[in-house]
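[1] fold the stuff below for me.
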Amino acid sequence: MVYIETERLLLRDWKEQDLVEFREMNKDSRVMKFFPKTLTDDETDSFYSRIEEEFKNYGYGLYAVETKQDNSFIGFTGFHWATFNSQFTPCIEIGWRLKFDAWGNGYATEGAKACLKYGFETLKLTDIYSFTSKINLQSENVMKKIGMTKAMEFEHPNIVEGSPLRRHVLYVVNK
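    Reported below is the predicted structural model:
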């Protein structure tokens, strides 16, 4: 099922064949630069299971992203329940991760803008959050471009102390 369509993208249900490319994407150190580590196939499979579980529980989640031009899987964007221990959780997070070859084309911004619209108009969400490590300026710029406002900085409790990835920025947008 296609949930969201933009000028260049389809945000849709995951297909079985996406998992192979998803595994490769999560092994790419360039894609995972602002995460604690790349993911093994088992870790990606576990993540994929959590994505499927959120769709079953909530009817939405992290959508597979496909380009209309050549119908290729390029990553995901969508919603996730953030439940780690923090003053703003639990909350609905908008997030994205794209294959390295898809970077620099505006796909993250295009997909995320469409997700926000879908989230507010169709899903009737009221507050949507996004966060990333403070050094991930690319993702922070996407947050700004889609109309989110910086709310605060925080130490991510799931990232080891001393890591340059621990300090995070939090953005929010309200209906």
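[2] quick one: residues in contact with the helix ranked longest in the chain.
    Ranked by number of residues, the top helix in the chain under DSSP state H is helix 41-58. Taking contacts as C-beta atoms under 8 Å, 6 or more residues apart in numbering, the residues outside helix 41-58 that touch it are 13-14, 19, 22-23, 26-27, 39, 60-62, 76, 79-81. For the C-beta atoms, the positions are set from N, CA and C on the backbone; glycine is no exception.
[3] in ChimeraX, select just the buried ones from those.
    Command for ChimeraX, covering only those of the contacts of helix 41-58 found buried under the criterion 16 or more other C-beta atoms under 10 Å:
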select :14,19,22,23,26,39,60,61,62,76,79,80
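[4] which of the contacts of helix 41-58 fall in helices?
    Within the contacts of helix 41-58, residues falling in helices by DSSP H are Leu19, Phe22, Arg23, Asn26, Lys27.
[5] out of those residues, the closest to Thr122 would be?
    Nearest to Thr122 out of these is Phe22 (C-beta to C-beta; 25.0 Å).
[6] and the pLDDT for the closest one?
    The predicted local confidence for Phe22 comes out at a pLDDT of 98.
[7] what do you get for Ala108?
    Model confidence at Ala108, given as pLDDT, is 98.
[8] then the longest helix of the chain to CSV, C-alphas only?
    What follows is helix 41-58, C-alpha atoms only, in CSV (Å, rounded to 0.1, in the frame of the first residue of the first chain):
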residue,chain,number,x,y,z
ASP,A,41,22.1,-8.3,9.4
ASP,A,42,20.5,-9.6,12.6
GLU,A,43,20.3,-6.1,14.1
THR,A,44,18.7,-4.8,10.9
ASP,A,45,16.2,-7.7,10.9
SER,A,46,15.3,-6.9,14.5
PHE,A,47,14.8,-3.2,13.6
TYR,A,48,12.6,-4.3,10.7
SER,A,49,10.6,-6.4,13.1
ARG,A,50,10.1,-3.4,15.3
ILE,A,51,8.9,-1.4,12.2
GLU,A,52,6.4,-4.1,11.4
GLU,A,53,5.2,-4.2,15.0
GLU,A,54,4.6,-0.4,15.1
PHE,A,55,2.5,-0.7,11.9
LYS,A,56,0.4,-3.5,13.5
ASN,A,57,0.0,-1.5,16.7
TYR,A,58,-0.6,2.0,15.4
